[in-house]
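Student: requesting a structural model of the entry that follows:
(one chain, ligands or ions: 1)
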Amino acid sequence: MKIIIFGYMTSGKSLIGPKLAQKLEVPFYDLDQFIEANENMSVSEIFQTKGELYFRKKEHSYLPAFLQQPDGVYALGGGTPCYGSNLDIIKAQENAKTVYLNVSVAQLGQRLFHNKAERPLVAHLGTQAAVTEFVGKHLFERLSYYNQADYSINANGTPEETLTQLLKLLG
Ligand code: S3P
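Tutor: This is a model prediction of the structure:
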């Protein structure tokens with residue numbers, strides 16, 4: 001089976017995904033890494049040199065090949081399910097389950113503020129309050145996509161707590 005993880009930046013996709021894959025003894029795949037390897041550039045560099053629209057087009061064009069890899073745990077980028085026909089492409093996967101890592105705005109604001117350097121969408125924001133305000137609006141725009149995942153789990157706790165919930169859900 002393919003387990004496809006949705007969630008906002010810092011919701012834990014790339015942190016918990018590999019742990020889940022290890023427990024299930026399956027491979028882990030990360031869309032941002034797939035794009036970086038194919039474009040020979042980091043996601044931040046792509047945003048800086050080519051802009052967000054270029055990134056979204058690349059993300060969309062790599063998505064089918066990314067999802068064609070063997071069964072395992074797949075982490076998408078935070079925006080992947082929310083643009084163009086990406087959600088349809090994801091939902092059309094056979095033998096796949098989508099899981100949304102649901103984290104509160106306050107928690108995301110805090111996590112993102114401390115990890116904003118690698119996040120081009122918020123890197124320019126100066127305070128935690130500004131990051132939290134941005135997240136509040138942005139997450140609201142994305143929720144209708146995230147909520148179309150097959151499962152939604154509360155991912156506000158520690159990575160271990162989230163992993164335990166995921167294993168229960170999938171077991
Ligand atoms: C983005 C999230 C990032 C990356 C890009 C855009 C987004 O991935 O794809 O910076 O629009 O939410 P992570 O969610 O893994 O940080």
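Student: which strands or helices does the host helix or strand of Ser144 pack on?
Tutor: For Ser144, the element it lies in under DSSP states H and E is helix 128-146. Counting by 3 or more CB pairs under 8 Å, 6 or more residues apart in numbering; DSSP states H and E, the packing neighbours recorded for helix 128-146 are helix 105-114. Quick note: C-beta positions are derived from backbone N, CA and C, even for glycine.
Student: what comes up buried for the helix it packs on?
Tutor: Neighbour-count burial for helix 105-114 flags Val105, Gln107, Leu108, Gly109, Gln110, Arg111, Leu112, Phe113 (criterion: 16 or more other CB atoms under 10 Å).
Student: pull out the buried residues from stretch 85-101.
Tutor: Asn86, Leu87, Ile89, Ile90, Gln93, Ala96, Thr98, Val99, Tyr100, Leu101.
Student: could you work out the most separated pair of the residues you listed?
Tutor: Taking every pair in the buried residues of stretch 85-101 and measuring CB to CB, the maximum separation is 19.9 Å, between Ile89 and Leu101.
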